[in-house]
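Trainee: how does the following fold in three dimensions:
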Amino acid sequence: MDPPRLYTDLAWLWPHLSPPDHYTAEAAHLDALLTQHLGPGPQRILELGAGGGHTLVHLDARGGRGGRHPTVAVDLSPPMLAHASELIPGLTTHAADMRTLRLNETFDAVLIHDAVDYLLTEDDLSQTFATAHAHLRPGGLLFVAPTYLKETFEDNEVADDGTTVDDNQLTYFTYVHDPDPSDCTFEMILLYLIRNLNTRAVEVIEDRHTLGLFPCETWTSLMEQAGFEIHPAPPTKDAAWELFVGRRR
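Mentor: Reported below is the predicted structural model:
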């Protein structure tokens, strides 16, 4: 199956669809959890499915490059990793699959943000949690942040926004729905309207994403089976995620 276009030829849109400043509060929340569980001081972080680095850039900057939180980014999409490298000079990146990655390094924390949505089966989740376990020191933390749980999914949810990019006006819509409630996937459809300000022509692009949708018990039980103790994560106001925190036994 071909990857969604947002991660290939349309990756140039990502910094405009979801700018880094949208992630400031989430990064601060993660930073607070790192301090709570691991104590103050630099924590080495690996992000699986880092995308454009919009969360990592805030964690990396808390104390300066080489300071508080040295970071490593992994993603399947080279164009997205190029965005991350522009945001974080000197960032170490790896174009790889989070299910099979083995760097032969250990970290204090592993973060899997909404890229975890692209895991479609329980086996995908188990493989990814095994990857996280293999890259964490004993007592290290795993943060997993799916957008939806089976219990919290809102069918037919619609969102829209817009911005101007060079000579183009960009309007975009996000629509999520569950074609088959009996399975563990849902679909997100992104619709981009790109209007050239010079020619006034409008290009309409449809980009479909198939994503995983699992109940809370599946997440926690598979994390426990992979060797993690589950720790409650305090709720965050208006967070665009569900957060699980696991400590490597």
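Trainee: switch to C-alpha atoms for all contacts and neighbour counts from now on
Mentor: Noted.
Trainee: give me the domain ranges for the chain.
Mentor: For the chain, the domain assignment from automatic domain parsing gives the residue ranges 5-149+214-248, 157-212.
Trainee: most tightly surrounded among those?
Mentor: domain 5-149+214-248 (a mean of 18; mean count of other CA atoms under 10 Å).
Trainee: which of the domains of the chain has the lowest mean pLDDT?
Mentor: Lowest mean pLDDT within the domains of the chain: domain 5-149+214-248, at a mean of 93.
Trainee: work out the gap between that domain and the centre of the chain.
Mentor: The chain centre lies 6 Å from the centre of domain 5-149+214-248; the measure is CA atoms, centre = their mean, to the nearest Å.
Trainee: how far does that domain stretch from start to finish?
Mentor: Using CA to CA, to the nearest Å, the end-to-end distance of domain 5-149+214-248 comes to 35 Å.
Trainee: for stretch 102-116, same thing?
Mentor: OK, stretch 102-116 end separation, CA to CA: 17 Å.
Trainee: need the contact partners of it.
Mentor: 43-51, 131-132, 134-137, 140-147, 241 (CA atoms under 8 Å, 6 or more residues apart in numbering).
Trainee: same thing with stretch 181-201?
Mentor: Residues outside stretch 181-201 that contact it (CA under 8 Å, 6+ apart): 120-121, 167-180, 202-214.
Trainee: pretty sure Leu33 sits in a helix.
Mentor: Yes. Looking at Leu33 with DSSP: H, G, I helix; E, B strand; the rest coil, it is inside a helix.
Trainee: starting from Ala233, give me the distance back to it.
Mentor: Distance from Leu33 to Ala233, by CA to CA: 8 Å.
Trainee: do the same with Ala73
Mentor: Separation of Ala73 from Ala233 (CA to CA): 23 Å.
Trainee: sorry, back to before: residues that sit against both of Leu33 and Ala233, list them.
Mentor: Joint contacts of Leu33 and Ala233 (CA under 8 Å, 6+ apart) do not exist.
Trainee: any idea how far apart the tips of stretch 30-50 sit?
Mentor: By CA to CA, one end of stretch 30-50 lies 15 Å from the other end.
Trainee: strands - which of the contacts of stretch 181-201 land there?
Mentor: 168-177, 202-212 (DSSP state E).
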